[in-house]
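Enquirer: here you go, sequence then predicted model.
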Amino acid sequence: MKELPMKLDAALAIDAAHLRDVAGIVRAAEEIGFSALWTPETQHNGFFPLLLAAEHSQRIELGTAVTIAFPRSPMVMAQNAWDMQAISGGRFILGLGTQVKAHIERRYSTTWEAPVPRLRDYIAALRAIWQSWQTGERLNYQGQFYQHTLMTPFFSPGPIRHPHIPIYIAGVNEGLARLAGKTCDGFHIHPFHSAKYITEVVRPQIAAGAEAAGRTA
């Protein structure tokens, strides 16, 4: 089995009142040699710091770790990611999370339903929207949870130079790990984990999902 080079990433945990510091932080991270800079979505929106980071960096990848999917329509998320990919010159990674039922229902005041199938549908909707913008073809996505059938030229941002936006998802259970293997570009492991859990649960489930889809882990 071919060994892959190890990459080291950094997490940007910064108060929104100090967004002015993002430029210096991302330049330092790039100079040190970090491969990517990730932003969470806890107290603040994760996209805003990355927008500044994209403007003040050249090489480092920039991603959300993670932004919460279900409170946002796939169309809203697609637009945010498309603009980030354009301004960063193809360095953006969209990290998505489901959150848990209590937060989705009580903090975000939206519905919680079948998180794994719903996230699978969400990802497919994103890719259909991006495909429509890049090619100009008619948008006609009909999924289990999401339907997107209207896109006029006035509302389409049009094609960009790097239309493939990697999608990572986060999770702790077997279903989300398998989904990552089947359809995603990466997987964010929850901060509370053990090496044993990664070895015995997460990696085998990612591999099983990939195999089911005819891919390699």
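Expert: That came in fine, so what should we check first?
Enquirer: any regions of the chain where pLDDT drops low?
Expert: For the chain, applying pLDDT under 70 flags the ranges 1, 14, 16-17.
Enquirer: where along it do the helices fall?
Expert: Applying DSSP state H to the chain gives helices spanning 22-32, 47-55, 74-88, 101-102, 115-135, 174-183, 195-197, 203-212.
Enquirer: these: which one's closest to Lys2?
Expert: Closest to Lys2 of the helices of the chain, according to C-beta to C-beta: helix 203-212, at 15.3 Å. No exception for glycine: its C-beta is placed from N, CA and C like everyone else's.
Enquirer: which helices and strands sit right next to the closest one?
Expert: With contacts defined as 3 or more C-beta pairs under 8 Å, 6 or more residues apart in numbering; DSSP states H and E, the packing partners of helix 203-212 are helix 174-183.
Enquirer: also compute the angle for the helix it packs on relative to helix 115-135, please.
Expert: Interaxial angle of helix 174-183 relative to helix 115-135 (axes from the mean of the first three to the mean of the last three C-alpha atoms, to 10 degrees): 30 degrees.
Enquirer: list the buried residues of helix 174-183.
Expert: By neighbour count on 16 or more other C-beta atoms under 10 Å, the buried set for helix 174-183 is Glu174, Gly175, Leu176, Ala177, Arg178, Leu179, Ala180, Gly181, Lys182, Thr183.
Enquirer: now, which of these sits nearest Pro163?
Expert: Among those, Thr183 lies closest to Pro163 (C-beta to C-beta), at 17.2 Å.
Enquirer: report the contact partners of the closest one.
Expert: Thr183 makes contacts with Arg120, Ile123, Ala124, Ile167, Gly209, Ala213, as judged by C-beta atoms under 8 Å, 6 or more residues apart in numbering.
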